[in-house]
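**Student:** After the sequence you'll find the predicted model.
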Amino acid sequence: MKRLEGKIALVTGGASVPGLGSATAIRFAQEGAQVYVTDRDLDGAEKVAQSIRDAGGQATALAHDVTSEADWDRVIAAIDAADGALDVVVNNAGIAVLGEFDKVTTADWLKQNDVNLNSVFQGTQRAFVMMRRPGADGRPRGGSIINISSVAGLIGVPGCAAYAASKGGVRLFSKVVALEGAADGIRCNTVHPGMIATNIQGVALEDNAANYDAVMALVPMGYMGAPEDIANMNLFLASDEARYVTGAEFVVDGGMTAR
C-alpha cells in the first residue's frame, strides 16, 4: 500500500537483530519511507540498511550515540542536508538496567535515564524544530514522533526500578510534547511493548532471572510477541491513518496490563 510513500524517517537503535528498531526500519521501508537507521554499532546499522536496499527500499545507516548532543546535531544536520525534511522519528534506542531496587547504584540509575529518557528529550526536541518548518503551503510541515516506552512505564514490574522510572518519564514527557505540537501538526505518541522476543529481552532474562517467570506468568496470551508486532504499531502511528492521534499510549503486550 506504500503507506509511508515520500516520508523521511529516522529510527534510532536500529542495529540489533532481532530488535524493535531494525524491525521498524524494515517495515517503514517496505511501506515506501526513506529510512535513516542509526546506532552506536555502525556496522550493525549498515547491515540492516543494506538488507533494506537489497529488498528494493531506501535506507542510510549513521553512527549515533543517542546520549551525545553532538551526535544528535550531526545526525539531524546530515538528514537536513540530504533531504531538507524529517517526517517521522522513532526514539527507540534504549538499555535495560535491571535488578532489585536496593542493589541499583547511582551510576546505574543515571546511565539508565541518560540512555532511555534524556536521549528521547534530545531527539524529540530536534525533530520538533524540523517539523515546525513551513512546507510548500507556508504552514508547518508537521510530523509524527513515536517514543518507545514499555509496560514498565505503566505498571510496577519487580526488578525494574530504574528502567521503569525512565520509561514512565518518556510517557508523560511525550504527552506534553503532543500538547505543544498539536497546533503545528506535530503528533507525539508512546508505544509500550510487553514481553517481546528481542536481544534486549535476552539480557533482561539474565539480569532479572529471579522475577522473569513471574513476569511471564502475567501475559494472558502465554508467549512473547515478535518485533514485527511493535513495528506494525509504529507503522500505523507514522502513517497518515493516525493523523488525529496524538498524546496517546499504545500498549502491545499480549494482555499483560489488562489485569
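**Tutor:** Right, received. Where do you want to start?
**Student:** got the residue ranges for the strands in the protein?
**Tutor:** With DSSP state E applied, the chain shows strands at 8-12, 34-39, 58-63, 88-91, 143-148, 186-193, 249-252, listed in chain order.
**Student:** could I have the fourth one exported to PDB, CA atoms only?
**Tutor:** What that stands for is strand 88-91. Below are the C-alpha coordinates for strand 88-91, written out as PDB (Å, rounded to 0.1, in the frame of the first residue of the first chain):
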ATOM      1  CA  VAL A  88       8.900  10.600  11.300                       C
ATOM      2  CA  VAL A  89      11.200   9.900  14.300                       C
ATOM      3  CA  VAL A  90      11.100   6.700  16.300                       C
ATOM      4  CA  ASN A  91      13.100   7.200  19.500                       C
END
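**Student:** before we move on, the earlier item: between the strands of the chain, which one is nearest to residue 160?
**Tutor:** Ranking the strands of the chain by distance to residue 160, with C-beta to C-beta as the measure, places strand 186-193 first at 13.0 Å. C-beta: built from backbone N, CA, C; applies to glycine.
**Student:** Partner strands of that closest one, with direction?
**Tutor:** strand 143-148 (parallel), strand 249-252 (parallel) (DSSP bridges).
**Student:** how far away is residue 162 from residue 110?
**Tutor:** Taking C-beta to C-beta, to the nearest Å as the measure, residue 162 falls 9 Å from residue 110.
**Student:** how much space between residue 40 and residue 118?
**Tutor:** In this view, residue 40 and residue 118 are 15 Å apart by C-beta to C-beta.
**Student:** Quick one: the helices in the stretch 51-200 of the chain, in order.
**Tutor:** In the stretch 51-200 of the chain, helices defined by DSSP state H, counting those that start in this stretch lie at 69-83, 106-113, 119-131, 161-181, 199-207, listed in chain order.
**Student:** among those, which is nearest residue 100?
**Tutor:** Between residue 100 and the helices of the stretch 51-200 of the chain, the shortest gap by C-beta to C-beta is with helix 161-181, which sits at 8.2 Å.
**Student:** contacts for the closest one?
**Tutor:** Helix 161-181 has contacts (C-beta atoms under 8 Å, 6 or more residues apart in numbering) with 91, 94, 96-98, 101, 104, 108-109, 112-113, 115-117, 120-121, 124, 128, 131-132, 145, 147-150, 152-154, 156-157, 186-190, 192, 246-249.
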